[in-house]
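K.L.:
dropping the sequence and predicted coords here.
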Number of protein chains: 2
Amino acid sequence: MKISAKTDYAVRAACELAGAEPAKPIKAEALAQLQAIPANFLENILSALRNSGIVRSQRGAVGGYFLARPAETISLADIIRAVDGPLAAVRGEAPEDQNYSGAASKVADIWVAVRASLRVVLEETTLADLVAQKLPKHVQALIDSPDAWSRR
Amino acid sequence: MKISAKTDYAVRAACELAGAEPAKPIKAEALAQLQAIPANFLENILSALRNSGIVRSQRGAVGGYFLARPAETISLADIIRAVDGPLAAVRGEAPEDQNYSGAASKVADIWVAVRASLRVVLEETTLADLVAQKLPKHVQALIDSPDAWSRR
DNA sequence: TATAAATTCTACCGATTTAGTTGGGAATGA
DNA sequence: TCATTCCCAACTAAATCGGTAGAATTTATA
């Protein structure tokens, strides 16, 4: 249940793109500096985002990267799946593809619930929400809940 | 955001222990067969669970493993943290220890929301719930929601 | 009370994944 | 033509994952 460096970097880079003027490309090097991301590693990530149709790129002297579509239409789940694959895979497969037996026969339901609860947050929140600092109500409610910030 | 084999195995083994009579030890080998888990790998997992005070062990001829406390008091989050560390770590650290700047300054909130939503499922569900096939209402609601089982 | 059997415990190993680097090539604009 | 920038494949180091082997410990039995 770790959030990988790749995912974290991808979301941050996408935020910078969403915060900039549309269709005005930003250089990978500039993104790397803005968010303190290793420049070469960031190129791998941008490449994955481009392959998934989330960003587009322009080569040459005034080139760079920009969002392929409006920030309102890009969910965080889209970004995470682009760089890291499915949201909640169990040993590389979907929860419903596992078969559980005996006392553990309901474990599949738990992983499905985990995936559903991740979707509630990540599928509904868009890049536009994130840069505008206006998260969906139910997401904000989670953050405001008393022990959300307890470290445990 | 992967659910590791270790986590999946740990939950399944714990279910078998919860389903058995209390304080009557079950051999690691028997657990391995019941849930089709590689026997030697399972021993590592049981060792981690023992170090966290979730199971206890008895050596010798009639030895084995059993739950250290009632199944009602063991949450799935307890088990996952025992074998895999914190529920939602960003690059090995807690979300609130990251520092985000610029357009990405609200990203920490998102990871906190992700962790909170995982907790809603994993902190409230106990081993007893799982083997009795009676999940908490809000968890069951997630599973019953229309697109929880959509593969995406 | 030795001793053998059963079982946990610990240290290690190889393969895969993660995080990041390197370097050459291809497009673009001046 | 040439500087700039993206593109892409291969490479590396370190951590993690999945798994193994053998030592250490406890219990049962003679």
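P.N.:
Structure received. Residues are numbered from 1 along each chain as shown, chains lettered A, B, ... in the order given.

K.L.:
what kind of secondary structure is the closest residue to DNA strand D within chain A in?
P.N.:
Going by C-beta to the nearest atom of the strand, DNA strand D is nearest to residue A:57 of chain A, at 3.3 Å. Heads up, the C-betas are built off the backbone N, CA and C, glycines and all. Residue A:57 falls in the strand class when you classify it by DSSP: H, G, I helix; E, B strand; the rest coil.

K.L.:
and it, how close does it get to residue A:72?
P.N.:
21 Å (C-beta to C-beta, to the nearest Å).

K.L.:
what about these two, which has more around it?
P.N.:
The residue with more neighbours, out of residue A:57 and residue A:72 and counting by other C-beta atoms under 10 Å in any protein chain shown, is residue A:57; that gives 15 against 12.

K.L.:
what residues of whatever helix or strand residue A:142 lives in count as buried?
P.N.:
Secondary structure assignment for residue A:142, by DSSP states H and E: helix A:137-144. Neighbour-count burial for helix A:137-144, with 16 or more other C-beta atoms under 10 Å in any protein chain shown as criterion, is recorded at A:139, A:142, A:143.

K.L.:
output the contacting helices and strands for it.
P.N.:
helix A:107-122, helix B:107-122 (3 or more C-beta pairs under 8 Å, 6 or more residues apart in numbering or on different chains; DSSP states H and E).

K.L.:
adding mean pLDDT and mean neighbour count, write those helices out as CSV.
P.N.:
Listed next are the helices and strands packed on helix A:137-144 as CSV, based on pLDDT from 0 to 100; neighbours: other C-beta atoms under 10 Å in any protein chain shown:
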stretch, mean pLDDT, mean neighbour count
helix A:107-122, 95, 23
helix B:107-122, 96, 23
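
K.L.:
in CSV: these, plus distance to DNA strand C.
P.N.:
What follows is the helices and strands packed on helix A:137-144, written out as CSV (distance: least, C-beta to the nearest atom of the strand, whole Å):
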stretch, distance to DNA strand C
helix A:107-122, 16
helix B:107-122, 14
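
K.L.:
and for residue A:3, nearest residue in space, chain neighbours not counted?
P.N.:
Distance criterion C-beta to C-beta, 6 or more residues apart in numbering or on different chains; nearest residue to residue A:3, sequence neighbours excluded, is residue B:90 at 4.6 Å.

K.L.:
now do residue A:122
P.N.:
Leaving aside its sequence neighbours, residue A:122 sits nearest to residue A:77 (C-beta to C-beta, 6+ apart; 4.0 Å).

K.L.:
so residue A:143 makes contact with residue B:106?
P.N.:
No: checked against C-beta atoms under 8 Å, the pair residue A:143 and residue B:106 is beyond contact range at 9.7 Å.

K.L.:
which residues are common contacts for these two?
P.N.:
Residues touching both residue A:143 and residue B:106 (C-beta atoms under 8 Å, 6 or more residues apart in numbering or on different chains) are residue A:135.

K.L.:
chain A against DNA strand D: which residues are in contact?
P.N.:
Within reach of DNA strand D by C-beta under 7 Å from any atom of the strand, chain A has these residues: A:25-29, A:43-44, A:46-47, A:50, A:57-65, A:91.

K.L.:
chain A: helices as residue ranges?
P.N.:
Secondary structure of chain A by DSSP state H: the helices cover A:5-19, A:28-35, A:39-51, A:76-84, A:107-122, A:127-132, A:137-144.

K.L.:
okay if I get those helices as JSON lines plus distance to residue B:134?
P.N.:
Below are the helices of chain A laid out as JSON lines (distance: least, C-beta to C-beta, whole Å):
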{"stretch": "helix A:5-19", "distance to residue B:134": "34"}
{"stretch": "helix A:28-35", "distance to residue B:134": "46"}
{"stretch": "helix A:39-51", "distance to residue B:134": "42"}
{"stretch": "helix A:76-84", "distance to residue B:134": "30"}
{"stretch": "helix A:107-122", "distance to residue B:134": "11"}
{"stretch": "helix A:127-132", "distance to residue B:134": "36"}
{"stretch": "helix A:137-144", "distance to residue B:134": "25"}
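
K.L.:
quick one, which of the ones you listed is nearest to residue B:112?
P.N.:
Proximity to residue B:112 (C-beta to C-beta) singles out helix A:137-144 among those, at 5.7 Å.

K.L.:
save the helices and strands packed on helix A:137-144 as CSV, and put in distance to residue A:6 too.
P.N.:
CSV is the format used below for the helices and strands packed on helix A:137-144 (distance: least, C-beta to C-beta, whole Å):
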stretch, distance to residue A:6
helix A:107-122, 15
helix B:107-122, 14
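
K.L.:
for residue B:98, find the nearest of those helices.
P.N.:
Nearest to residue B:98, of all these, is helix B:107-122, at 5.7 Å by C-beta to C-beta.

K.L.:
which residues does that closest one contact?
P.N.:
With contact meaning C-beta under 8 Å, 6+ apart, helix B:107-122 is reached by A:1, A:3, A:8, A:11-12, A:15, A:76, A:110, A:113-114, A:117-118, A:120-122, A:125, A:130, A:135, A:139, A:142-143, A:145, A:147-149, B:75-77, B:80, B:87-88, B:90, B:95-96, B:98-100, B:138-139, B:142.
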